[in-house]
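**Student:** Following is a predicted model, sequence given first.
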Amino acid sequence: MGRMEYFLEIFFGGLTRGSIYALIALGYTMVYGIIQLINFAHGEIYMIGAFTALIVAGVLGSLGMPGYAILLLTLPIAVIYASAYGFTVEKIAYKPLRSAPRLSPLISAIGMSIFLQNYILLAQTADFLPFPNLLPYFDLPDFVGGILTSSEVTIVITAALVMAGLTSFIKFTRMGKAMRATAQNQRMAMLVGVNVDQVISLTFIIGSALAAIGGVLIASHIGQINFYIGFIAGIKAFTAAVLGGIGSVPGAMLGGLVLGWTESFATGYVSSDYEDVFAFALLVLILIFRPAGILGKADSQKV
Amino acid sequence: MLKLIDVDAGYGPIPVLHAVNMEVGKGEIITLIGANGAGKTTTLMAVCGMVAPRKGDILLEGISICGIPANRLVELGISQVPEGRLIFPDLTVAENLDMGAFLRKDREGIHQDIEYVFDLFPILADRRHQPGGTLSGGEQQMLAISRAIMARPRLLLLDEPSLGLAPMIIRQIFDIIVKINRESGTTIFLVEQNANQALKIAHRGYVMENGVITLTDTAANLLDNEDVKKAYLGI
Amino acid sequence: MQGLKKSLLTAVWFMFLTFPIMVIRVNTIEKTIVWRWENLALVGISVFLLSYVWRFLMSRRERGNKQNAFATDDRAQAFRALIEDRRIRYSLIAAFAIFVGVFPFLFSMYQVNIMISALIYIMLGLGLNIVVGLAGLLDLGFVAFYAVGAYAYALLNLHFGLGFWAVLPMAAVLGAFVGILLGFPVLRLRGDYLAIVTLGFGEIIRLVLENWGTFTRGPSGISNIPRPDLFGLEFGLQGRIIYMYYVVLALVLFTIAVVTRLKYSRIGRAWMALREDEIACQAMGIDKTQTKLMAFSLGATWAAMAGVVFAAKTSFINPASFTFLESAMILSIVVLGGMGSTVGVILGALILILLPEYLRAFAEYRMIVFGAIMVLFMVFRPQGLIRDRRLKRRFHPAESSKGAEAVPTGEGMARGAGSHG
Amino acid sequence: MAEAGPVLDVRNLTMDFGGLRAIDSVSLDIMPGEIVALIGPNGAGKTTFFNCVTGLYTPTSGEILLSARGQRKRLNGLKPNHITALGMARTFQNIRLFPHMTVLENVMIGRHCRTRSSIFGAIFRPPATRQEEAESIEISYGLLKEVGLTALVDETANNLPYGAQRRLEIARAMATEPALLLLDEPAAGMNPSETRELQALILRLREKHDLSILLIEHDMKLVMSLSDRVCVLEYGTQIAQSTPEEVSRDPRVIKAYLGEEADA
Amino acid sequence: QAAEIIFGVPGAHSGDLASYGLPTVNAAKLVVEQYNAKGGLLGMKIKVVPQDEQCKPELATNAAFKLVSEKVTVALGHICSGATKAALPIYKDSKIVLMSPSATNPELTLSGDYPNFFRTIGRDDNQGKIGASFTMGKLGAKKIAVIHDKGDYGKGYAERAKEAVDGSGGKATTVLFEGVTPGAVDYTAIVQKIKQSGAEAVIFGGYHPEASKIVMTMRKRDMKIPFVSDDGVKDATFIKVAGEFAEGVYASGPEDYSGNPLYHQANEAHKKAFNADPGVFYPQAYSAALALLNAIEKAGSTDYDKIVKALRTEYVETPVGKIRFDERGDAEGVGFDMYQVVKGEFVLVK
Ligand SMILES: Nc1ncnc2c1ncn2[C@@H]1O[C@H](COP(=O)(O)OP(=O)(O)OP(=O)(O)O)[C@@H](O)[C@H]1O
Ligand SMILES: Nc1ncnc2c1ncn2[C@@H]1O[C@H](COP(=O)(O)OP(=O)(O)OP(=O)(O)O)[C@@H](O)[C@H]1O
Ligand SMILES: [Mg+2]
Ligand SMILES: [Mg+2]
């Protein structure tokens, strides 16, 4: 097998993984951007999205629905549920802490994460469950067939579309503008007429929706889930968000990809023993030279 | 237009305002003067819904606005130049102004108003693509005023607009306040340390000490008042 | 009435929310579905009832925020008066000291054992409190230094037969050294960037321990690590545990003494100032990097010492003990207890470490209850259990009367201070 | 003491932000005991000048020399804390106190660079450390007495009224034992009577501590009555430097800054 | 004497490894229920006391102390070898028998330090050798990729397998020896690396979640080389999760028990009681519970020495076969066979 081909395989493998990271990272970055909170429960939302999808797909499957119909119904329901969870978590665990010391919501988030994990553990199961492949299968042209699978193509394309959508939403809509203003100064945003509570809720809803999409995509691709998948994915996605510059939406995307590639290439050309070591070492290196992440802005506070 | 009736307010356990009564007529410029920490800012915060009064009531055109969140009050036509300016630091000057018009839908009008404030403060036009956070103190103050104007308010609350401005600009700003008041009939509620100038442009004035209104009269009378002269005018 | 409607709505919302997860269980292979409708009713009813409790607590919290000016001040004042009465204070302290002193003889080995765990976490918490609470550096990889200490003892013992007391100071120095090594490149990062980098370091160290099998024995860990000895005396299991308890207790007391002194020293003040405003600090002549580095490596020193104790206590270590979750737990101790406050951290450690143990009665619901309690604690006590108070200094009237103005002594000026979070 | 040379000697200081030249070749010296005011329209670069001199910004070019505490040093490239240790202290345009520390502690932070005790000192508290600490408290308390804040020593800084915060910032700066004090708009937000008190305070401090002062201020009354010399900036360039009277008559200054009917 | 027999079940019941620990609790409950339904043991009711330790050594010592202080009679568990090692001295000092369904670390029995330790699962070292020789011999692979999950169990197995391959005198070589991160989002990169290495077979040490992910990724990329693994993989869940992709996978496991009616009976009991398929280590746990209670019954007493003696002498019928324990505590008769997934079931490779 050619070196080039191997390189491409590794490259696309990293791209797929990176796209997933990016989708989850967006949730972290948006929430962080707006309320400066590292939402440790975000990984759990991703997991809940995947679980809901599994349940819905299971029910629909038992009704004998065709594959594409299952996907078309499952994805929106998973997204709705994940958003509802994100929304509720914010209302319960973070909103009462708006004026609390900065680290308090962080601890509340950690507690929430433990809670949600065990909720799924108790209400469903600790076991790994097979996840049906919901992604459409299509034949790829021969020259890429050996390198890529159709689900990878689906993942990358979906992620790209979603991110493009989000970017334009933030850039061009009123709500996006309100989000940016809220992120910078909540009090002032209120004083120009932004409904800050609503904006924060919306941020959680969008972030959770993206995580659910990521959850459904990757669960279909990998074919299994359990209650703990959110934790590792969450840490990685958070790393990606910081790598790209936390608070920055394009940064999260770039960070996700860079992280995905780093891990992929580290495995491919060095050793997967130290895959994570490479990922974190890269993070440290990048932050040493760009203290605010790749696309993060050093803050323009004046003295 | 605006009426405060026996308002008590404060932060958490700390009481600041005690039975404050004030009235602002339509199209009027009134000014609230007082020493540092008297509670002037707190009064404005109570009016714009950022601090909930503990007792008493606040009426806007006869309707109680207590408990209405700040963002809804903007829709009702209250706009503010807050203490500390609160510029959006990473938005550019132009975007900051745009945010000022957040609730407005008339693109044309917004555009015109941006040109209008650039006319008022040409230096902002020069800095229009610079992030707000990097402006000098005075430039930020101009931006904050412009941003408040962008909302086309009926009632404009100004918290020490002359703070940190060059003398020439201060005069200019007071002129602009008068101009806004005259041209568009905007009611103006001005909080100032610079009592001298404030009283010169205001119709009426209130004096606040330790959260209590101790004196109210027409601006001209206050300028002549011996106590006021001693305490606030430095004469 | 209003409340009823709200509660009903909340109940309905949660029934919707938990519907798929609580009610449906699918088997995708055999395409079978189990419906558990009874769960839905359960959720509905319990949420309905809980929402009343929640609202009640919320309104109390609100009221507390708004109007505690006089009410709680009275209570607090009365309490403080009680505490400040010397006789009462000293007898309270003495009673507590005696209790702590005879603890191992009153309770079962299990109790003593978990108390040792709690004491270790008090050490860790106080160490992290220097970094997070005093210096304001969010460190999510604190466990790395803990691992360094534990492995230092395990390996030095394995290869060179060094004992607990020999390794303890060595590990402290090693911890400080590693702290400086890791801290140096990253301490110029701001706030949460520092958090993630330290998280990264924590993971890196764990992964190295896991993968570098020839040196660390990899994932299978190191067993048979001896407990501390006392002039070569042999005790039974019970004796060893009790001795361990006193060793750890002594270390905790030492830690408390050191941390308290640091807090009210020149260095401690610089840390706090740094936490509040870095730029102003620099303008006041404080070397930012050096001061941060001091906090970071001092925290690391304590973590490493706690690591040695930990290795001695469990007699077995492997990398699985040093995950990010552990760092998160230590951080929770600090925040939940009350940042910067020593008593707070002690309470935090006792609660967060002992709580899961006492929740064992809940069996499989243990961790879900634990998570919920963490959230509730933060929601209803956001500033932590104990709010850090700044030391007040009373000046003698004699000294002040020479001044240009009269200086009130104490009471009047102390009020209201500290009521800002 | 170095003989009668300027305390601060700034030569051709230039500072660029990206494409923007905020300060353009400004030179300024301050003699011992002198009070110099830096005035100019908003955005002229006054605060930036402070930031360059105190090491928060690295100037694009130019020389900054400080003669204080018996030595003469080039400040370019030094870190802010180092510069403070050399004998220059400042206050900020937007007050930057340590909000949750007590008033006394705020001032004691200023003592940091004049004290030595280490971690070991802190832990073991040898007599030297104890004495140093006692001295710190005494000096800080003395300074609070000078600015009239002794009634509030145990209050946390964020609970102070605005004017008190300004004075506290000055006391904190004084605790570093500066030869040169930089004040950025100390009278902003004060009413005329408070401003008069401030003026007295500044003069008192100068007397008592052999202090030179560089001051940014928009309150012309204060500037005119306080300063020995005034330097005027506009768009980063220096347009005048002279006595207050001359400056207030200078047509360029009137046009750029004071406005036609300068009523000061 | 207590009027109850306390049956301790320490293990990971929450956290990332809960899926390995919870089946043991279920097994214990079912077996004990059986006994209690028959009127208990030695005239006493049996009570199951689960203690969660998340597979963490320090929590394991807490759990052990807790059980000791609750006067536990025998304990079934500690799932991970690390936690078991940390807790064992406590049971030993308190003279309590501990039987693990899943701790495979050789040291536990080979070191001779723990006369109170027993297990119903085989040791890593045996399995690794079996896996390697099967791959080199039966499958005739010359180039072998050895992958593990960096865990205690998986890495131990993989190292033994590698030793066996490298020591085969040139019959075969290890072309790749690497660990994957458990729980990682995907394993595409390592699979491509295996492909690139030109390996003719993969030996994997670890548990079924990673195994199924790797196998599925391989098969989806048309890599048809044999996949050989251990008894952490030889589990119904593996087939359930990997589905059609599981076909053809080899996994070693305790000597064939698919023909054992007790095995099927145990599975059925689980499905009936919990409405779900049993998880990993369920048969081992079920067997261990039977063995422990049987020993008490045969010993006619809850006395430590008598129980130990009974465990070493009395055979008992369990889902993993008819077993008793040797001097070191390993179950006799729990050797390893190689199985292959054929039509959705593990069948013995002859
Ligand atoms: N967020 C807050 N929390 C607690 N107390 C506050 C807060 N903001 C202001 N205060 C206190 O309330 C009192 C009144 O403050 P306020 O800001 O209204 O005064 P002001 O008249 O606007 O003074 P200034 O001229 O300084 O702006 C002061 O004693 C102040 O310390
Ligand atoms: N960090 C920065 N990045 C970009 N531009 C900056 C920065 N800091 C200051 N500026 C610009 O430099 C110019 C000078 O600012 P400076 O703060 O020195 O003004 P100033 O003279 O202090 O004004 P004021 O009296 O209003 O405080 C301003 O136009 C400002 O926008
Ligand atoms: Mg104010
Ligand atoms: Mg300035």
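**Tutor:** Arrived safely, thanks for sending. Ligands and ions are numbered 1, 2, ... in the order given.
**Student:** who touches residue C:105 in this structure?
**Tutor:** By Cβ atoms under 8 Å, 6 or more residues apart in numbering or on different chains, the contact set of residue C:105 is residue C:242. Quick note: C-beta positions are derived from backbone N, CA and C, even for glycine.
**Student:** er, residue E:285 I mean
**Tutor:** E:23-24, E:26-28, E:76-77, E:101-102, E:120 are the contacts of residue E:285 under Cβ under 8 Å, 6+ apart.
**Student:** Now the buried members of those.
**Tutor:** E:23-24, E:26-28, E:76-77, E:101-102, E:120 (16 or more other Cβ atoms under 10 Å in any protein chain shown).
**Student:** taking the residues you listed one by one, which sit in strands?
**Tutor:** residue E:76 (DSSP state E).
**Student:** Now do the residue of the stretch 51-200 of chain D found nearest ligand 2 against ligand 3, distance only.
**Tutor:** Nearest to ligand 2 in the stretch 51-200 of chain D, going by Cβ to the nearest ligand atom, is residue D:93, at a distance of 5.7 Å. Separation of residue D:93 from ligand 3 (Cβ to the ion, to the nearest Å): 16 Å.
**Student:** Please report the distance of the residue most central in space within chain C from residue A:103.
**Tutor:** Taking Cα atoms, centre = their mean, the centroid of chain C lies closest to residue C:333, which sits 2.1 Å from it. Residue C:333 is 12 Å from residue A:103, where distance means Cβ to Cβ, to the nearest Å.
**Student:** and if you look at residue B:26?
**Tutor:** On the measure of Cβ to Cβ, residue B:26 and residue A:103 end up 48 Å apart.
**Student:** Same question for residue A:55.
**Tutor:** Counting by Cβ to Cβ - residue A:55 and residue A:103 are separated by 35 Å.
**Student:** picking that back up, need the nearest residue in space to the residue of the stretch 51-200 of chain D closest to ligand 2, chain neighbours excluded.
**Tutor:** Closest residue in space to residue D:93, ignoring its immediate chain neighbours: residue D:184 at 4.2 Å, by Cβ to Cβ, 6 or more residues apart in numbering or on different chains.
**Student:** Using a markdown table, lay out the contacts of residue E:285 together with pLDDT.
**Tutor:** Output for the contacts of residue E:285, formatted as a markdown table (pLDDT from 0 to 100):
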| residue | pLDDT |
| --- | --- |
| E:23 | 89 |
| E:24 | 92 |
| E:26 | 91 |
| E:27 | 92 |
| E:28 | 92 |
| E:76 | 92 |
| E:77 | 80 |
| E:101 | 90 |
| E:102 | 86 |
| E:120 | 88 |
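**Student:** now those residues as TSV including distance to residue B:3?
**Tutor:** Formatted as TSV, the contacts of residue E:285 follow (distance: Cβ to Cβ, whole Å):
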residue	distance to residue B:3
E:23	71
E:24	73
E:26	71
E:27	75
E:28	74
E:76	77
E:77	74
E:101	78
E:102	76
E:120	83
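**Student:** mind listing the helices for the stretch 51-200 of chain C?
**Tutor:** C:71-84, C:86-106, C:109-128, C:143-160, C:164-186, C:191-211 (DSSP state H, counting those that start in this stretch).
**Student:** per-stretch mean pLDDT over those, give me the minimum one.
**Tutor:** With a mean of 59, helix C:71-84 has the lowest mean pLDDT of those.
**Student:** Stretch E:55-65: how far from the chain's middle?
**Tutor:** 19 Å (Cα atoms, centre = their mean, to the nearest Å).
**Student:** and that stretch, is it in reach of chain C?
**Tutor:** Yes. Contact of stretch E:55-65 with chain C (Cβ under 8 Å from any Cβ of the partner chain) involves E:55-58, E:61-62, E:65.
**Student:** What residues does chain B have near ligand 4?
**Tutor:** residue B:137 (Cβ under 5 Å from the ion).
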